[in-house]
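No letters, just coordinates:
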């Protein structure tokens, strides 16, 4: 076997001093697995990372002029938008990249779930990605107050107020977030510190761990092909495709920022500066959080003030905590995927989660209604429109999955039944959810009684 000649030039100089040849060999042999699914899912992680880099770069530019303070936050941001050359564009890019980053991250998380990429030995890769998702949401929430305008002030007051419903430590957590009992300039200073120091350091650390896991273990191959999956060379084949996607993301980002510098003017996606915050003014009408928090916002509204002797918001937060904990534990709950076998029940669980979150988000958006309508008319109409959309999506997805011989629809059917009973039949949200869960439990029990201990024929992931 012919010995490899030592590298010359800059590469040889670097290798002599830092031993980069193992890294070069790693990149030369690294492959991206191919399979029956689209390779598009593998690009979502890189797109998320791209938008995060844009966030850091645009944030640094904004920091050159932004001054946190009761008399300077709003004024400095208005100066950036109106006086600094292309300041409005940098701010628009910062805002749009934040929303696109979270959108890509949500899509990346659900694609990982659907493709069962969390199966061994990648459980901790899923957990670190989950932590990154939580930190990214904190990024969005902490940055929302920094303009110190009316919408940000009152939205932050509403968002932080939900924290006090946490049992035992709720009041303490509220004071930690706000720096007191109310939203004041001290709250702005805390949010600024979190947004520009604490969260970036935490995110950089978790990203480093996440990427280390991905590089050490590689990207997850399709189910059933772990032994010898076909692959595409990462460098230069996959890397050049990834780079082309980043250029497309940059083009889309600049177009959106140039033509919609203040967002598309829909609830949860608008960042017009508006008027300066006045803590003594009445609450801003129609306050709603960012779109990625809308489902929790709407879920809190669906719970009555008291349930079985407990406060409704506390029960709601407990439900949210349980759901999020179950989602984090999926790699250990999905035993079929751990055996490298299809797990249609967990695929259907992912579809159900999308329908569940989608219904609440659409209802919070008051989809298909008008702001002129009174609340008692607008809320039922929005629920009916949201339920109709959920039914349509369920029908399309179910037909597609049935054609692919995937016949587990218990969880997605329950989520759709929940939306129909609440939005179209007029049942309360909790009553409709109880009926839907009872129906799902009955179907599962009947399946066990009928002896379906083995995987049904024709199912898939």
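Yep, that arrived. A quick note: this is a predicted structure, and the numbers were derived from the prediction, not measured.

How about residue 397: what's its closest non-neighbour residue?
Across the structure, with CB to CB, 6 or more residues apart in numbering as the measure, the residue nearest residue 397 apart from its sequence neighbours is residue 351 (6.0 Å). In this view, the C-beta of every residue, glycine as well, is placed from N, C-alpha and C.

Which strands or helices does whatever helix or strand the one you found lives in pack on?
Element membership of residue 351, judged by DSSP states H and E, is helix 344-364. In terms of contact count using 3 or more CB pairs under 8 Å, 6 or more residues apart in numbering; DSSP states H and E, helix 344-364 is assigned the packing partners helix 87-114, helix 294-302, helix 335-338, helix 375-403, helix 410-423.

State the mean pLDDT of that helix.
Across helix 344-364, pLDDT averages out at 95.

ok and it relative to helix 294-302, angle-wise?
Taking axes from the mean of the first three to the mean of the last three CA atoms, to 10 degrees, helix 344-364 and helix 294-302 form an angle of 70 degrees between their directions.

Centre of the chain to helix 344-364, how far?
Relative to the chain's own centre, helix 344-364 is displaced by 13 Å; criterion: CA atoms, centre = their mean, to the nearest Å.

go on, stretch 195-207?
The chain centroid and the centroid of stretch 195-207 are separated by 17 Å under CA atoms, centre = their mean.

just stretch 277-284 next, same as before
Between the centre of stretch 277-284 and the centre of its host chain there is 30 Å, according to CA atoms, centre = their mean.

picking up where we left off before, what about the residue nearest to residue 397, distance to residue 20?
45 Å (CB to CB, to the nearest Å).

more crowded one of these two?
Higher neighbour count among residue 351 and residue 20: residue 351, with 23 against 14, using other CB atoms under 10 Å.

residues touching that one, list them.
Residue 351 makes contact with 397, 401, 411-412, 415, according to CB atoms under 8 Å, 6 or more residues apart in numbering.

Centre-most residue in the protein?
residue 106 (3.6 Å; CA atoms, centre = their mean).

so residue 276 makes contact with residue 77?
No. In this structure, residue 276 is not within contact of residue 77 by CB atoms under 8 Å, at 10.0 Å.

what touches both of these two?
Residues touching both residue 276 and residue 77 comprise residue 148, with contact defined as CB under 8 Å, 6+ apart.

Please enumerate the helices of the stretch 101-250 of the chain.
With DSSP state H, counting those that start in this stretch applied, the stretch 101-250 of the chain shows helices at 123-144, 150-161, 170-178, 185-193, 199-217, 239-259, listed in chain order.

Turn the contacts of residue 351 into TSV, columns for distance to residue 9.
As requested, the contacts of residue 351 are exported to TSV (distance: CB to CB, whole Å):
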residue	distance to residue 9
397	54
401	54
411	58
412	57
415	59
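
Can I get the buried ones among the residues you listed as something I can paste into ChimeraX?
What follows is the ChimeraX syntax for the buried subset of the contacts of residue 351, where burial is set by 16 or more other CB atoms under 10 Å:
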select :397,401,411,412,415
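
Report the two of the contacts of residue 351 separated the most.
401 and 415 (14.2 Å; CB to CB).

any weak-confidence spans in the stretch 51-200 of the chain?
Low-confidence segments of the stretch 51-200 of the chain, defined by pLDDT under 70, are absent; every residue clears the threshold.

now the stretch 251-400 of the chain
Along the stretch 251-400 of the chain, the parts satisfying pLDDT under 70 run over 284-285.

coming back round to it: how about the contacts made by the spatially closest residue to the residue nearest to the centre of the chain that is not a sequence neighbour?
Of all residues not flanking residue 106 in the chain, residue 292 sits nearest, at 7.3 Å (CB to CB, 6+ apart). Under the criterion of CB under 8 Å, 6+ apart, the contact partners of residue 292 comprise 102, 106, 137, 140, 268.
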